[in-house]
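Peer 1: Just to be clear, the model below is a prediction. Sequence and coordinates:
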Amino acid sequence: MGKEQIVIDDDEGVSSYKDNTKPFVRKGHFRLMDLPAELRVYVYSYLLPYNVAISFEQNVAFKPSKKQDPWWLVEATSKDQQDTVPIAMGRQHWNLRSRKARNSDDWLRVQTQIFLVNKEVSNEARAVLYGSNTYKFTIDGSAHFPVSLASPLIFGPFGDKDGLRLPLLRNLRSIYIEVLLNADSHWAIKRQRSRLECFVDVLKQHSDDEDRKSLLQELTICVRIPVTPPRHHYTQAGTQITIPTDAERYMFGLENLSMLCGIKDVRISGLPDWYMQCLKLCIQGKGGEVQGTDWPLVQVKRTLTSAKWTKKTKQFWVTTRKWYQPTLNWKEYALRNSIDTPEDIDKYWIAEN
């Protein structure tokens with residue numbers, strides 16, 4: 001047989017192997033690069049997480065400073081969600097997990113040394129680690145320290161303080177975003193809007209570059225309200241927080257996801273059916289562009305206090321849109337794409353005084 005070319009489903013390049021009539025073992029050494037690319041990928045699956053869902057849990061007991069990265073518990077869950085094993089664990093997590101987990105060999109070992117072999121092996125191993133697994137991220141409405149609106153914590157271990165790992169998000173092919181509605185306030189939806197916008201901006205960072213376009217193919221969005229009682233809980237500062245009981249009031253906080261475009265497989269749950277259809281169609285790049293909503297402005301008077309404790313009254317123009325109302329015209333988009341809408345859909349665009 002002559003030379004044959006094997007293509008790995010990865011934009012990093014093409015892998016080939018030499019004449020397979022030559023033996024794989026010479027002088028007592030096994031030559032990995034003489035194997036077909038498919039077999040090399042099969043070998044990598046024993047060294048790296050493969051075909052699992054990878055999630056991140058921050059140790060809330062550890063509050064990092066601006067110069068420190070938080071410690072994360074990284075776990076892998078099988079696709080049937082029957083088995084969960086840790087991958088990496090920060091030192092402070094030993095107190096949060098049983099000593100059995102610490103001393104047990106029931107860990108999913110990650111042999112990252114494979115990335116240091118050469119560029120070709122690194123590209124192939126990267127396709128296994130980032131391309132075959134689903135990565136789960138959580139976006140909530142709680143305040144994050146030290147940065148809240150564009151919080152790097154939403155990226156898990158990818159969001160290091162120097163931002164050096166964020167470009168790796170481009171390699172992810174399957175992403176699961178859990179939008180956690182854990183606070184009923186206008187600040188919660190403001191944080192969610194800003195964090196989703198930040199998430200989308202990072203994913204699209206190379207999308208306009210033909211050579212470095214995003215590889216994302218599957219996106220799952222799950223909007224969830226915590227069900228752990230009691231319905232009221234307190235922050236560490238002693239402030240009472242009320243957990244919402246209905247996701248409909250918060251659904252337009254996900255509007256920034258519409259900036260993603262061209263993802264083949266999109267699944268959304270936890271929102272009204274008509275809005276999920278609109279959002280899914282938009283993320284897939286179908287149905288045209290969603291138009292903006294022009295909210296009327298009103299003039300209000302506000303009292304300002306200067307450094308000398310003197311009060312001044314000044315007039316400002318502010319929008320009539322409330323924090324739970326949309327910025328995009330989803331009604332027009334739904335009608336344009338023949339999506340059934342509720343009879344009272346106009347209530348979302350009523351300007352309130």
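Peer 2: On my side now, so go ahead.
Peer 1: okay, now residue 327: neighbour count?
Peer 2: Number of residues near residue 327 (other CB atoms under 10 Å) recorded here: 15. Where you see a C-beta, it was placed from the backbone N, CA and C, and this is true even at glycine.
Peer 1: ok, it - contacts?
Peer 2: 252, 255, 292-293, 321 (CB atoms under 8 Å, 6 or more residues apart in numbering).
Peer 1: Can you spell out which helices and strands pack onto the helix or strand harbouring residue 314?
Peer 2: Counting by DSSP states H and E, the element that carries residue 314 is strand 311-319. Contact analysis of strand 311-319 by 3 or more CB pairs under 8 Å, 6 or more residues apart in numbering; DSSP states H and E lists strand 297-305 as its packing neighbours.
Peer 1: for the strand it packs on, which positions count as buried?
Peer 2: Judged by neighbour count (16 or more other CB atoms under 10 Å), strand 297-305 contains no buried residues.
Peer 1: list the helices and strands that strand packs on?
Peer 2: strand 311-319.
Peer 1: For the strand it packs on, the averaged confidence score.
Peer 2: If you average the pLDDT over strand 311-319, you get 83.
Peer 1: Equivalent analysis for stretch 149-157, please.
Peer 2: Rounded mean pLDDT across stretch 149-157 is 90.
Peer 1: from the chain's centre, how far out does that stretch sit?
Peer 2: Its chain's C-alpha centre and that of stretch 149-157 lie 9 Å apart, by CA atoms, centre = their mean, to the nearest Å.
Peer 1: tell me the angle of the strand holding residue 314 relative to strand 297-305?
Peer 2: Angle of strand 311-319 versus strand 297-305, following axes from the mean of the first three to the mean of the last three CA atoms, to 10 degrees, is 150 degrees.
Peer 1: Tell me the strands beside strand 311-319, with direction?
Peer 2: strand 297-305 (antiparallel) (DSSP bridges).
Peer 1: Take the partner strand, keep the C-alpha atoms, and write them as PDB.
Peer 2: Output in PDB follows, covering the C-alpha atoms of strand 297-305 (Å, rounded to 0.1, in the frame of the first residue of the first chain):
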ATOM      1  CA  LEU A 297     -37.900  58.900  26.400                       C
ATOM      2  CA  VAL A 298     -39.300  61.000  29.300                       C
ATOM      3  CA  GLN A 299     -37.700  63.900  31.100                       C
ATOM      4  CA  VAL A 300     -37.200  63.500  34.800                       C
ATOM      5  CA  LYS A 301     -35.700  65.800  37.500                       C
ATOM      6  CA  ARG A 302     -33.100  64.500  39.900                       C
ATOM      7  CA  THR A 303     -31.400  66.100  42.800                       C
ATOM      8  CA  LEU A 304     -27.600  66.000  42.800                       C
ATOM      9  CA  THR A 305     -25.400  66.600  45.900                       C
END
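Peer 1: Distance from the chain centre to that strand, please.
Peer 2: Distance, centroid of strand 297-305 to centroid of chain: 38 Å (CA atoms, centre = their mean).
Peer 1: now the strands for the stretch 201-350 of the chain?
Peer 2: With DSSP state E, counting those that start in this stretch, the ranges of strands along the stretch 201-350 of the chain come out as 218-224, 232-234, 240-242, 265-269, 297-305, 311-319.
Peer 1: and the last one, how far from the chain's centre?
Peer 2: Okay, so that is strand 311-319. 38 Å.
Peer 1: got the contact list for that strand?
Peer 2: 295-306.
Peer 1: Pull up the gap between the nearest residue to residue 284 once chain neighbours are set aside and residue 286, please.
Peer 2: Leaving aside its sequence neighbours, residue 284 sits nearest to residue 266 (CB to CB, 6 or more residues apart in numbering; 5.6 Å). Applying CB to CB, to the nearest Å, the value for residue 266 to residue 286 is 10 Å.
Peer 1: Comparing these two, which residue is more hemmed in?
Peer 2: residue 266 (19 against 11).
Peer 1: which ones are touching the more buried one?
Peer 2: Neighbours of residue 266 in contact, by CB under 8 Å, 6+ apart: 218-221, 280, 283-284.
Peer 1: if you set the cut-off to 10 Å instead, what comes out?
Peer 2: Residue 266 makes contact with 217-221, 257, 260, 276, 279-284, according to CB atoms under 10 Å, 6 or more residues apart in numbering.
Peer 1: Any stretches of the stretch 151-300 of the chain with poor pLDDT?
Peer 2: 206-214, 227-244 (pLDDT under 70).
Peer 1: how about the helices in it?
Peer 2: 186-203, 273-283 (DSSP state H, counting those that start in this stretch).
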